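>>> one predicted model, sequence on top.
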Amino acid sequence: MRPETLRAQLTLWNGAFLFAIVLAFGLGLYGVLARNLYRSTDQKLSAIAEVVAESSVRNFLRPGFTDFARLLEEFFGMPTAGQFIQVLDPSGNVGSRSPNLEARRLKVSPQAYQSAAHGHPMYETVADHPAPMRVLTYPVVVRGRVRNIVQVATSLATVNDTLRHVAWVLAVGIPTLLLAAMAGGWFLSGRSLAPLDSMVAAIHDLDADNLDARLPETGHTLEVRELTRNFNSLLGRLEGAFRRVKEFTADASHELRTPLTVLRGEAEVALLQPRSPEEYQRVLASSLEEIQRMGRIVEDLLLLTRGELGEVPVERSSLSLDQLLEEVAAQTEMLAEAQEVVFTWAGGPPVTVCADPLRLRQLFWNLLGNAVKYTPAGGQVFLSHSVIDGCEVRITVKDTGIGIPPEHLPHIFERFYRVDKHRSRAQGGSGLGLPICQWIVQVHGGRIEVRSVPEAGSSFLVYLPIHPGTGDECAAGTNTTA
Ligand code: ADP
């Protein structure tokens with residue numbers, strides 16, 4: 001079962017990793033030590049066997065010779081104790097042996113005898129009590145013939161004792177080291193993760209009312225500081241989003257409350273006393289106007305909200321932009337004339353775009369409607385388009401109207417934003433036209449820009465991608481992309 005806390009997981013992983021390393025190290029150490037001890041035992045046996053073989057060749061050894069201890073002491077210059085030595089003749093009969101072999105026998109295995117008889121020395125580990133013996137069976141070869149067989153043996157008790165001690169130290173040392181390391185890991189991971197605990201506590205206290213709170217960036221490690229910074233920046237964005245939702249709700253309620261107040265006021269005044277049919281007709285006509293106004297606001301809001309959620313179908317098809325602009329221009333002509341504004345449609349090159357004609361008409365109608373609305377009588381409004389770099393078309397709606405002060409420019413695409421609320425409302429505006437324009441442009445993969453000089457006029461520039469195909473292949477492109 002996996003532990004739940006990060007601290008426990010870190011400690012366990014650290015422990016498991018350390019255990020694997022220390023175990024591999026311990027086993028390696030034990031293996032190397034064992035090999036070296038056995039090798040040095042074999043080397044010792046080999047050195048003694050060579051001396052005894054040499055002595056037997058020089059006839060120092062006669063059958064029945066026992067004083068191997070002195071022989072070896074003379075040769076090595078110091079006593080060598082604990083070896084069992086015997087010299088056999090080629091048929092395997094014991095000629096001479098060390099005194100410690102009087103009471104016991106040193107067996108010659110058939111394989112060792114065969115090997116020596118063919119002139120090859122052989123090492124064996126033979127079971128014995130209290131410890132196994134290491135035996136070297138060594139042929140004495142003179143002029144190509146095996147003259148004697150020397151056997152030297154020693155007990156492996158000391159070697160085995162040493163190895164047992166080392167194994168014991170490792171068996172106790174590794175778990176102790178591991179426990180100490182895990183305790184250290186537990187403590188250190190606790191210290192490193194402590195800032196996360198305080199972050200969790202701080203996050204727990206957060207709700208929509210105190211989104212302005214920020215976590216202190218006091219973490220000792222870069223990762224924790226980075227996490228805190230990013231979390232604070234997320235809080236900032238959330239706070240902004242919440243504020244916008246609140247503002248939007250307040251704006252929407254305010255926008256709907258005004259026509260409602262007018263409606264109620266007119267109805268109340270009308271009901272104060274009996275009125276003539278003409279008066280009722282006038283009140284009803286005025287009420288209808290307010291109801292239509294509210295209906296437009298609700299429809300625009302729905303379009304924007306559903307558009308952002310990707311729920312508004314955008315039925316794209318390959319269409320001629322210049323023709324569409326011409327149609328819109330014809331309608332604008334009439335509107336401009338009524339407002340005593342001079343409208344000029346400069347025309348432009350034929351351009352095909354992949355777009356929803358309904359939405360594009362709405363876009364240009366909004367921009368041209370604004371241009372006429374915010375241009376005093378006698379002013380001018382221009383509509384033109386041109387191709388840029390062969391891949392996009394720029395449609396310009398320019399007027400010589402009241403313009404927009406620079407401090408308002410960054411906000412005019414926000415919902416319900418109006419430079420002059422009273423003037424806009426008096427002219428039937430609600431501050432939703434430009435946000436809708438922006439949504440339409442974006443959903444078609446384009447962008448919209450505004451340039452304006454107060455009292456000199458404004459230019460709205462719409463950039464749309466040109467449809468490269470000549471056929472109708474984007475006709476199936478009904479989408480609901482936001
Ligand atoms: P509205 O319904 O009020 O016109 P819009 O979203 O269309 O709402 O426009 C937002 C605001 O931008 C307007 O209230 C107005 O202040 C400003 N605006 C838009 N177009 C123009 C323009 N051509 N000239 C001057 N001001 C403009």
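Sure thing, it's come through.
>>> which pLDDT value belongs to whichever residue of the stretch 101-250 of the chain sits closest to the ligand?
Closest to the ligand within the stretch 101-250 of the chain is residue 248: 14.0 Å, counting by C-beta to the nearest ligand atom. The C-beta positions use only the backbone N, C-alpha and C, and glycine is treated the same way. For residue 248, the pLDDT comes out at 83.
>>> same check on the one 5 residues further on?
On pLDDT, residue 253 comes in at 89.
>>> give me the neighbour count for it.
10 (other C-beta atoms under 10 Å).
>>> how much space separates whichever residue of the stretch 151-300 of the chain sits closest to the ligand from residue 288?
Nearest residue of the stretch 151-300 of the chain to the ligand, counting by C-beta to the nearest ligand atom: residue 300, 8.9 Å away. According to C-beta to C-beta, to the nearest Å, residue 300 and residue 288 sit 18 Å apart.
>>> of those two, who's got more company?
Between residue 300 and residue 288, residue 300 has the larger neighbour count (other C-beta under 10 Å), namely 18 against 11.
>>> mind pulling up the phi and psi values for that one?
phi -60, psi -40 (degrees, to the nearest 10).
>>> got a list of what the residue lying closest to it once chain neighbours are set aside touches?
Leaving aside its chain neighbours, residue 300 sits nearest to residue 432 (4.1 Å; criterion: C-beta to C-beta, 6 or more residues apart in numbering). By C-beta atoms under 8 Å, 6 or more residues apart in numbering, the contact list for residue 432 reads 297, 300-301, 304, 415-416.
>>> which elements pack onto the host helix or strand of the residue of the stretch 101-250 of the chain closest to the ligand?
Element membership of residue 248, judged by DSSP states H and E, is helix 222-271. In terms of contacts (3 or more C-beta pairs under 8 Å, 6 or more residues apart in numbering; DSSP states H and E), helix 222-271 is packed against helix 157-204, helix 277-308.
>>> tell me the angle that helix makes with helix 277-308.
170 degrees (axes from the mean of the first three to the mean of the last three C-alpha atoms, to 10 degrees).
>>> from residue 256, how far out is the residue of the stretch 151-300 of the chain closest to the ligand?
12 Å.
>>> do residue 136 as well
109 Å.
>>> who has more neighbours out of those two?
The residue with more neighbours, out of residue 136 and residue 256, is residue 136; 22 against 16, by other C-beta under 10 Å.
>>> angle of the helix or strand harbouring the more buried one against helix 157-204?
If you go by DSSP H and E, residue 136 is part of strand 133-142. Between strand 133-142 and helix 157-204, the angle comes out at 130 degrees (the same axes, to 10 degrees).
>>> so what strands line up beside strand 133-142?
strand 122-126 (antiparallel), strand 145-155 (antiparallel) (DSSP bridges).
>>> and it, which residues are buried?
Using 16 or more other C-beta atoms under 10 Å as the test for burial, strand 133-142 gives 133-140.
>>> break the chain down into its structural domains.
Following automatic domain parsing, the chain resolves into domains at 6-161, 222-308, 314-479.
>>> is stretch 428-447 up against the ligand anywhere?
Yes: using C-beta under 6 Å from any ligand atom, stretch 428-447 comes into contact with the ligand via 429-434.
>>> just those residues: which are in helices?
433-434 (DSSP state H).
>>> least confident of the residues of stretch 428-447 next to the ligand?
Lowest pLDDT among those: residue 429, 77.
>>> give me phi/psi at the closest residue to that one other than its chain neighbours?
Once flanking residues are discounted, residue 429 sits nearest to residue 418: 6.4 Å by C-beta to C-beta, 6+ apart. Per-residue torsions, residue 418: phi -140, psi 140 (degrees, to the nearest 10).
>>> how many residues are close by residue 418?
There are 19 residues near residue 418, going by other C-beta under 10 Å.
>>> what about it, distance to residue 126?
Distance from residue 418 to residue 126, by C-beta to C-beta: 107 Å.
>>> likewise for residue 176?
37 Å.
>>> if we can go back for a sec, and the contacts of residue 432 as JSON lines, adding pLDDT?
As requested, the contacts of residue 432 are exported to JSON lines (pLDDT from 0 to 100):
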{"residue": "297", "pLDDT": "90"}
{"residue": "300", "pLDDT": "90"}
{"residue": "301", "pLDDT": "89"}
{"residue": "304", "pLDDT": "89"}
{"residue": "415", "pLDDT": "88"}
{"residue": "416", "pLDDT": "87"}
